[in-house]
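K.L.:
Below is the sequence, then the predicted model.
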Amino acid sequence: MNIPCPHCQSFVVPGAQSCGVCGNTLLREAVPGASEPVCAVHPELASLHACGRCGSFACAKCLRQSERGEPLCATCHGRIPAGALPWDRRDELGTLRAFWDTCLDVMFRPMPTFAGMRQDGSIGSSMGFAMLCSLVSIFTTALVYMAFMSVFPVPDSAMESDNVSPTGFRMVMAGMFGAWIVLAPVMGLIATLLSSSVDHLLLKMAGTEAPFSVTLRGNALSQAPLLMGLIPICSMYVTPFWTIGVRVVAYQGLHRTSWGKAALGALAGPVLSCVVCGGGYVALLMATLGTR
């Protein structure tokens, strides 16, 4: 967050003690008896801005900037562990808020977010984030399909002609979508472990030295764009590309490596999978056509 300079109204960053445009100091003496707020720590100085967390007035000496760009007083800033994501502060923020805030940071501020966070994280923490992303990615879409099946059921006549109970069919379909919601986090967990293993092998071959937990952390956090799954159906066309792009940034920031090596780790696996699957499909198609 930028704060207007009291002299020229240009924006200054929390923590600066002079304006980068007009050059005037931001440390202003308080005027006795004036209505202007003063710093809670230095009452002889006028407040530059209020702390975004506790609301205390702070002068330019006391203001700091959080990793999310919030203006904080020195006391509140000191309570935040260095490099801690909202997801790393679940005990303080609550799981849902920590998940939401982390997704927004990763989606819209990937470079400063990954550059400022600590490299390592527990495997359980990374897997928990990945499972939540997988659940969110399909939850709304599954509910829409279930509602569609309830509101627009298959005509009973069509079911009866095939000796299928319409009620039983609708129950089976509802059960399938319910199972989809339950199994999605498990499948996401497996996919995350597999893709992280392939990416880590490629990054190791490229010369990076960080442990597997760093690659897993980057892979899991890069799935934050799956939050777009709250928008049913259409999100599946956007999130894969968004996720891959964020993953390149994640590997570059967490592995402290070059963009080329990060791109190799993030892109080589999906590209190879597409080539293998696409090649297998073409070979099967050619074999089928060749038998006719």
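P.N.:
Looks like it came in fine. Just so it is clear, the model here is predicted, and its values are computed rather than measured.
K.L.:
Which of the helices and strands in the protein ranks last by mean pLDDT?
P.N.:
helix 156-161 (a mean of 53; mean pLDDT, DSSP states H and E).
K.L.:
ok but R64 is inside a helix, no?
P.N.:
No. Using DSSP: H, G, I helix; E, B strand; the rest coil, the secondary structure at R64 is strand, not a helix.
K.L.:
Show me what it is bridged to.
P.N.:
L72 (DSSP bridges).
K.L.:
from what I can see it touches A16, true?
P.N.:
No. Using Cβ atoms under 8 Å, R64 is not in contact with A16, being 10.8 Å away. The way it works is simple: take the backbone N, C-alpha and C, and place the C-beta from them, glycine included.
K.L.:
who has more neighbours, the two?
P.N.:
When R64 and A16 are compared for neighbours, R64 comes out ahead with 18 against 15, by other Cβ atoms under 10 Å.
K.L.:
Now for T288, how many residues are close by?
P.N.:
T288: 9 neighbours (other Cβ under 10 Å).
K.L.:
Please apply the same query to S134.
P.N.:
23.
K.L.:
Touching, it and L189? I think so.
P.N.:
Yes. Assessed by Cβ under 8 Å, S134 is found in contact with L189 at 7.3 Å.
K.L.:
From G52, how far off is the closest residue to V136 other than its chain neighbours?
P.N.:
Closest residue to V136 apart from its sequence neighbours, by Cβ to Cβ, 6 or more residues apart in numbering: G229 at 5.1 Å. Remark: distance between G229 and G52 (Cβ to Cβ, to the nearest Å) = 30 Å.
K.L.:
The two: who's more crowded?
P.N.:
Neighbour count, other Cβ under 10 Å: between G229 and G52, G229 has more, with 23 against 18.
K.L.:
Do you know the pLDDT at the more buried one?
P.N.:
For G229, the model assigns a pLDDT of 85.
K.L.:
Hmm, L143 and it touching each other?
P.N.:
No. In this structure, G229 is not within contact of L143 by Cβ under 8 Å, at 11.1 Å.
K.L.:
next structured bit after the longest helix belonging to the chain?
P.N.:
Assignment by DSSP state H gives helix 166-205 as the longest helix of the chain. Next in sequence after helix 166-205, counting helices and strands by DSSP states H and E, comes helix 212-221.
K.L.:
Only C-alpha atoms, please: export that next one in PDB.
P.N.:
Taking C-alpha atoms only, helix 212-221 is exported to PDB below (Å, rounded to 0.1, in the frame of the first residue of the first chain):
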ATOM      1  CA  PHE A 212      12.300 -32.400  -2.300                       C
ATOM      2  CA  SER A 213      10.200 -30.500   0.300                       C
ATOM      3  CA  VAL A 214      11.000 -27.200  -1.500                       C
ATOM      4  CA  THR A 215       9.800 -28.500  -4.800                       C
ATOM      5  CA  LEU A 216       6.700 -30.000  -3.200                       C
ATOM      6  CA  ARG A 217       6.000 -26.600  -1.500                       C
ATOM      7  CA  GLY A 218       6.300 -24.800  -4.800                       C
ATOM      8  CA  ASN A 219       4.200 -27.300  -6.700                       C
ATOM      9  CA  ALA A 220       1.400 -27.300  -4.100                       C
ATOM     10  CA  LEU A 221       1.300 -23.500  -3.700                       C
END
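K.L.:
Does anything pack onto the host helix or strand of L104? Which helices or strands?
P.N.:
Secondary structure from DSSP H and E places L104 in helix 95-108. Of the remaining helices and strands, those touching helix 95-108 by 3 or more Cβ pairs under 8 Å, 6 or more residues apart in numbering; DSSP states H and E are helix 110-116, helix 123-151, helix 239-254.
K.L.:
between the second one and helix 239-254, how big is the angle?
P.N.:
Between helix 123-151 and helix 239-254, the angle comes out at 170 degrees (axes from the mean of the first three to the mean of the last three Cα atoms, to 10 degrees).
K.L.:
now helix 123-151: mean pLDDT?
P.N.:
On average, helix 123-151 scores 84.
K.L.:
in it, what counts as buried?
P.N.:
125-142, 145-146, 149 (16 or more other Cβ atoms under 10 Å).
K.L.:
before we move on, what about the last one?
P.N.:
Along helix 239-254, these residues count as buried under the neighbour rule (16+ other Cβ under 10 Å): 239, 242-254.
K.L.:
quick one: which of these is nearest L221?
P.N.:
Ranked by distance to L221 (Cβ to Cβ), the buried residues of helix 239-254 are led by A250 at 5.9 Å.
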